[in-house]
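Student: Everything below, folded, please.
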Amino acid sequence: MAEKTDMSKLLSEAEFRNREYMITHLSYDREMEFYQSVKMGNIEETQRLFKPLSSEGLGKLSEDSLRNLKYHLIITIAFVTRYCIEGGLNMEEAYNLSDIYIRRVDGCTSEKEVHSIHREVVDTYVHRMNKLHQSRAFSRPVIVCIDYIYDNLHSKILLDDLADITGLSAPYLSKLFHKETGMTIKQYILGTKVQAAENLLKFSDYPCSDISQYLGFGTESHFICVFKNYTKTTPKEYRERFFRTRWGDRSAAKKKAEKKE
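Tutor: Residues are numbered from 1 along each chain as shown. Predicted coordinates for the structure are as follows:
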């Protein structure tokens, strides 16, 4: 009973303080409308409804302004992740993205970093959902192929394997896949593997040789050649460029903090 009384007291105090300082929260309808737009992959509507974390109406979760932003972004990531899973995004992919972004938020040393990640999170999820909804216009054999490719990126994926699981002949499947996606099966496989490699280069310390082996490339040189063909840069250059940007932001934040002291 005492615990309930204490919580009631705290709730009353919070309500009084919020009224006193005119602290409000975002309207429930508007918030749900935003998450729904991400879930549906509606890029234009998501951009229209997007609201920076520094906007009024977020509520106060910490006295520390940076920590307050971090808390709100983590909540946003959690909601977006669950809405997108509900909308059909692969659960493992959705939760892996969530883990990656929350770890990045945890390491932020400036509000600028938090805002940048906030925008990136929303863009990443809404574009993945948009792509997912577009893929649903594909025929069942093509969807089966896309799912199989995503689930077997670590292996060497053969056209005959895809033909077997779809029950179609290899020539007919190749023609159907190209007609519906605008890409050959080989191009789609390599492009998807390169996207996975980009994430591994950004968010892990695995050497290129390990990434190459993990993604089923015959040799590291083949992996480097394919990666450069798709991104116009080598894996090493890609990783260095990403970390230069990240550490440049951190250094700027550190210098700013030192000046304040």
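
Student: Let me see the ranges of the helices in the protein.
Tutor: Assigned by DSSP state H, the chain shows helices spanning 2-20, 28-39, 43-49, 65-86, 91-106, 111-135, 140-151, 159-166, 170-181, 185-203, 208-214, 220-231, 235-260.

Student: Would you mind pulling the contact partners of the fifth one?
Tutor: Counting by C-beta atoms under 8 Å, 6 or more residues apart in numbering, the neighbours of helix 91-106 from elsewhere in the structure are 70, 73-74, 77-78, 81, 84-85, 114, 117, 120-121, 124-125, 128, 150, 199, 203. Placement of C-beta: from N, CA and C, glycine included.

Student: Kindly recompute the last result at 10 Å.
Tutor: Identification of contacts with helix 91-106 by C-beta atoms under 10 Å, 6 or more residues apart in numbering yields 69-74, 76-78, 80-90, 113-114, 116-118, 120-121, 124-125, 128-129, 150-151, 199, 202-204, 246.

Student: mind exporting that helix as CSV, just the C-alpha atoms?
Tutor: Only the C-alpha atoms of helix 91-106 are listed here, as CSV (Å, rounded to 0.1, in the frame of the first residue of the first chain):
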residue,chain,number,x,y,z
MET,A,91,12.2,-10.2,-36.9
GLU,A,92,15.9,-11.0,-36.8
GLU,A,93,16.8,-8.2,-39.1
ALA,A,94,14.6,-5.7,-37.2
TYR,A,95,16.0,-6.6,-33.8
ASN,A,96,19.6,-6.6,-35.1
LEU,A,97,19.1,-3.1,-36.5
SER,A,98,17.6,-2.1,-33.1
ASP,A,99,20.6,-3.5,-31.2
ILE,A,100,23.1,-1.7,-33.5
TYR,A,101,21.4,1.7,-33.2
ILE,A,102,20.9,1.5,-29.4
ARG,A,103,24.6,0.7,-29.0
ARG,A,104,25.5,3.7,-31.1
VAL,A,105,23.1,5.9,-29.1
ASP,A,106,24.7,4.7,-25.9
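
Student: I'd like to check the angle between it and helix 65-86, please.
Tutor: Computed by axes from the mean of the first three to the mean of the last three C-alpha atoms, to 10 degrees, the angle separating helix 91-106 from helix 65-86 equals 170 degrees.

Student: chain center to stretch 202-212, what's the gap?
Tutor: Chain-centre distance of stretch 202-212: 19 Å, with C-alpha atoms, centre = their mean, to the nearest Å.

Student: Low-confidence bits of the protein, can you list those?
Tutor: Applying pLDDT under 70 to the chain picks out residues 1-5, 7-29, 55-58, 244-261.

Student: Please repeat the previous calculation with a cut-off of 50.
Tutor: Within the chain, the segments meeting pLDDT under 50 span 1-4, 11, 18, 20-26, 250-253, 257.

Student: re earlier: list only those of the contacts of helix 91-106 flagged as buried.
Tutor: Among the contacts of helix 91-106, those classed as buried by 16 or more other C-beta atoms under 10 Å are 69-74, 76-77, 80-85, 87, 89-90, 113-114, 117-118, 121, 125, 128-129.

Student: can you redo the helices of the chain as CSV with distance to Gly59?
Tutor: Shown next, in CSV, are these (distance: least, C-beta to C-beta, whole Å):
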stretch, distance to Gly59
helix 2-20, 8
helix 28-39, 11
helix 43-49, 18
helix 65-86, 8
helix 91-106, 17
helix 111-135, 16
helix 140-151, 37
helix 159-166, 49
helix 170-181, 44
helix 185-203, 30
helix 208-214, 41
helix 220-231, 40
helix 235-260, 25
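
Student: Wait, Gln187 touches Tyr230, no?
Tutor: Yes. The criterion here is C-beta atoms under 10 Å, and Gln187 meets it with Tyr230 at 9.4 Å.
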